[in-house]
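Asker: Sharing a model prediction with you, sequence too.
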Amino acid sequence: TTATIVLDPAFRVAPVNRRTFGTFVEHLGRCVYTGIFEPGHPKADDDGFREDVLALVRELGVSTVRYPGGNFVSGYRWEDGVGPLESRPRRLDLAWKSIETNEFGLNEFMRWTRKAGLEPMMALNLGTRGVQEALDLLEYATHPSGTHLSELRREHGEKDPHDIGLWCLGNELDGPWQIGHKTAHEYGRLAAESARAMKMVKPDLELVACGSSSSGMPTFGSWEAEVLEEAFEYVDHISCHAYYQETDGDLGSFLASAVNMDHFIGSVAATADHVAAKRKSDKRIGISFDEWNVWYQSHMHEAGPRDEWEIAPRLIEDEYNAADAVVVGSLLISLLRNTDRVAVACQAQLVNAIAPIRSEPGGAAWRQTIFHPFALTSRMAAGEVLRAEITAPSVQTAKYGEVPAVDAVATYDEASGDVAVFMVNRHTGSDITVELDARAFGSGSVDEAVGIYEADVYSTNTEAEPERVVPKPNTSVRLDGGKLRAVLPKASWTAVKLS
Ligand code: AHR
């Protein structure tokens with residue numbers, strides 16, 4: 001079985017946007033506590049940040065980090081997490097049935113982002129709170145000095161204002177599970193008024209309105225339209241959230257999850273453009289795909305409700321397999337292909353809770369399978385994103401009908417001449433030989449050809465065997481006269497760099 005791919009510098013989408021490689025740290029389970037932060041751990045630094053985890057975060061190549069939630073933020077009081085530790089209250093976190101100690105808050109987070117070299121993306125509580133609290137947090141965090149709240153930050157040891165330019169106006173308020181769940185009209189008004197007031201403080205803020213919690217929500221489409229009817233003038237982006245998992249042994253549909261992501265992005269962009277058209281506006285609302293990943297939500301539901309209120313319980317610590325890594329690689333192909341519309345994307349989440357990095361309290365930290373396609377794509381993507389012209393056999397899937405067995409996207413860095421190609425073979429039964437025409441670039445050599453290739457796609461990485469699934473070289477790759485030939489094993493993801 002063969003497929004052909006044609007690449008050309010003229011097939012330009014847009015420059016690679018580093019914010020495509022965003023991540024998410026929520027006060028959820030052990031993402032913060034015993035994830036990024038564990039005072040007393042042998043590898044903790046003076047701030048209590050785990051240096052073993054920080055090293056993996058840097059290796060993962062993430063750019064922007066959304067914080068502090070998620071469902072958590074919709075019941076959160078940011079003031080609880082600042083000031084002297086001894087006066088920080090313990091609170092019930094209703095979203096995750098946990099006890100929040102507030103040992104880690106805004107200033108710890110900002111210190112951690114500086115150490116990790118990440119851009120913060122701050123989420124506001126628009127579930128139980130409103131315009132005033134949003135303004136208070138903005139003033140505390142970003143006003144230089146001379147007002148009550150900015151001086152309070154300075155008393156708390158942060159003399160310089162925090163550089164936070166990207167804000168989420170709440171989280172998933174369309175979801176009936178959300179604390180302070182709202183109708184589209186209620187939320188649209190609150191988002192508009194919060195955004196309008198925040199831009200009175202700082203006109204250059206970038207603000208993200210909540211879109212739907214998934215494209216399967218009953219209100220999907222009408223929610224985005226109604227929210228944007230209210231908030232269009234004041235917001236810059238609208239969010240998308242999507243999680244995928246294999247269900248009922250249907251690996252074929254699972255491997256084709258990016259078909260849903262492409263469609264999701266297209267639908268939300270069309271809805272935003274429709275609102276713009278009605279207003280005779282040429283403003284293009286961006287998409288903030290600020291939660292995406294593989295997540296075995298069915299396992300969480302099967303586990304049922306928990307009885308105890310605990311501090312940092314083990315929650316949604318999915319152990320990922322090789323197929324999950326292939327899907328993560330293919331979702332990154334979709335995000336890159338849509339780089340002219342996707343302003344921000346955050347893989348949810350970073351450590352322990354549905355995460356590429358796992359860590360044990362007092363113990364080791366390691367890379368899950370899904371770490372690898374993310375790290376490779378982030379490292380290799382450079383310059384301009386290029387659309388790939390693909391002719392491939394199709395595969396029949398239960399969820400998405402007939403889909404091309406091969407998907408791909410490329411990047412081209414004119415300055416260095418480097419071309420990176422990211423490819424996925426979604427066929428569950430056959431290897432596919434790809435013939436790729438890259439003559440337009442004049443590349444002479446294959447610098448790197450690696451991917452996720454496992455005979456058993458259900459292999460995982462564990463604490464005992466953390467390197468069971470790692471990228472392997474693809475030794476079939478040949479470049480001859482600008483034509484590349486590569487065998488893509490069934491159910492695999494591949495990255496090739498030419499120079
Ligand atoms: O990422 C886990 C949860 O998924 C987030 O808290 C919420 O926003 C979404 O439903």
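Answerer: Happy to help now that I have it.

Asker: Would you check that Phe37 makes contact with Phe109?
Answerer: No - contact between Phe37 and Phe109 fails when scored by CB atoms under 8 Å: they sit 9.1 Å apart. The way it works is simple: take the backbone N, C-alpha and C, and place the C-beta from them, glycine included.

Asker: the strands in the stretch 101-250 of the chain, which residues?
Answerer: Taking DSSP state E, counting those that start in this stretch, the strands of the stretch 101-250 of the chain run over residues 119-123, 166-169, 206-209, 237-244.

Asker: And the contacts of the second one?
Answerer: Contacting residues not belonging to strand 166-169 are listed as 64, 66, 119-124, 126, 134, 138, 190-191, 194-195, 198, 205-210, 231, 235, 239, 288, 290, 344 [CB atoms under 8 Å, 6 or more residues apart in numbering].

Asker: Buried among these? Make that a ChimeraX selection.
Answerer: Buried members of the contacts of strand 166-169, defined by 16 or more other CB atoms under 10 Å, are picked up in ChimeraX with:
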select :64,66,119,120,121,122,123,124,126,134,138,190,191,194,195,198,205,207,208,209,210,231,235,239,288,290,344
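
Asker: Might one say that Asp447 is in contact with Leu479?
Answerer: No - checked against CB under 8 Å, the pair Asp447 and Leu479 is beyond contact range at 10.1 Å.

Asker: These two - which one has more neighbours?
Answerer: Leu479 (18 against 13; other CB atoms under 10 Å).

Asker: How is that one classified with respect to secondary structure?
Answerer: Following DSSP: H, G, I helix; E, B strand; the rest coil, the label given to Leu479 is strand.

Asker: Which neighbours do Asp447 and Leu479 have in common?
Answerer: In contact with both Asp447 and Leu479: Leu498, using CB under 8 Å, 6+ apart.

Asker: Close to the ligand: what parts of the stretch 201-350 of the chain are there?
Answerer: 213, 291, 348-349 (CB under 6 Å from any ligand atom).

Asker: quick check, nearest of the residues you listed to Asn425?
Answerer: Distance to Asn425, by CB to CB, is smallest for Ala348 among these, at 25.8 Å.

Asker: who's that closest one bridged to?
Answerer: Phe24 (DSSP bridges).

Asker: residues contacting it?
Answerer: Per CB under 8 Å, 6+ apart, neighbours of Ala348: 23-24, 26, 70, 241, 243, 290-293, 295, 354.

Asker: buried subset of these?
Answerer: So, of the contacts of Ala348, 23-24, 26, 70, 241, 243, 290-293, 295, 354 end up buried under the neighbour-count rule (16+ other CB under 10 Å).

Asker: May I see those arranged in TSV, with pLDDT and distance to Ala388 as well?
Answerer: What follows is the buried ones among the contacts of Ala348, written out as TSV (pLDDT from 0 to 100; distance: CB to CB, whole Å):
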residue	pLDDT	distance to Ala388
Thr23	98	26
Phe24	98	28
Glu26	98	34
Gly70	98	34
His241	98	27
Tyr243	98	26
Asp290	98	26
Glu291	98	27
Trp292	98	21
Asn293	98	24
Trp295	98	28
Ile354	98	29
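
Asker: what would the residues you listed look like in JSON lines with distance to Phe11?
Answerer: As requested, the buried ones among the contacts of Ala348 are arranged in JSON lines below (distance: CB to CB, whole Å):
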{"residue": "Thr23", "distance to Phe11": "29"}
{"residue": "Phe24", "distance to Phe11": "31"}
{"residue": "Glu26", "distance to Phe11": "37"}
{"residue": "Gly70", "distance to Phe11": "37"}
{"residue": "His241", "distance to Phe11": "29"}
{"residue": "Tyr243", "distance to Phe11": "30"}
{"residue": "Asp290", "distance to Phe11": "28"}
{"residue": "Glu291", "distance to Phe11": "29"}
{"residue": "Trp292", "distance to Phe11": "24"}
{"residue": "Asn293", "distance to Phe11": "28"}
{"residue": "Trp295", "distance to Phe11": "33"}
{"residue": "Ile354", "distance to Phe11": "34"}
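
Asker: Three-state assignment for whichever residue of the stretch 351-499 of the chain sits closest to the ligand, please.
Answerer: Of all residues in the stretch 351-499 of the chain, Ile354 sits closest to the ligand, at 6.2 Å by CB to the nearest ligand atom. Assigned state for Ile354: coil (three-state reduction, three-state DSSP).

Asker: from what I can see it touches Trp292, true?
Answerer: No - at 10.5 Å, Ile354 and Trp292 do not qualify as touching, with contact defined as CB under 8 Å.

Asker: Provide a list of residues in contact with Val227.
Answerer: 184, 187-188, 191, 209-211, 238.

Asker: ok, so of the residues you listed, who is nearest the ligand?
Answerer: Using CB to the nearest ligand atom, those come closest to the ligand at Cys210, 9.4 Å.

Asker: Does that closest one touch Gly188 like I think?
Answerer: No - taking contacts as CB under 8 Å, Cys210 lies outside contact range of Gly188: 9.6 Å.

Asker: host element of Val487?
Answerer: Val487 belongs to strand 483-488 when assigned by DSSP states H and E.

Asker: strand partners of that strand, parallel vs antiparallel please.
Answerer: According to DSSP bridges, strand 483-488 forms sheet pairs with strand 432-437 (antiparallel), strand 478-480 (antiparallel).

Asker: mind checking the SS state of Leu331?
Answerer: Applying three-state DSSP: Leu331 is helix.

Asker: Find the closest residue to the ligand in the chain.
Answerer: For the chain, CB to the nearest ligand atom, closest residue to the ligand: Gly70, 3.0 Å.

Asker: can you pull the buried residues of stretch 141-148?
Answerer: 141-143.

Asker: again, but for stretch 312-326
Answerer: 312-313, 315-318, 320-326.

Asker: Among these, which lie within helices?
Answerer: 322-326 (DSSP state H).
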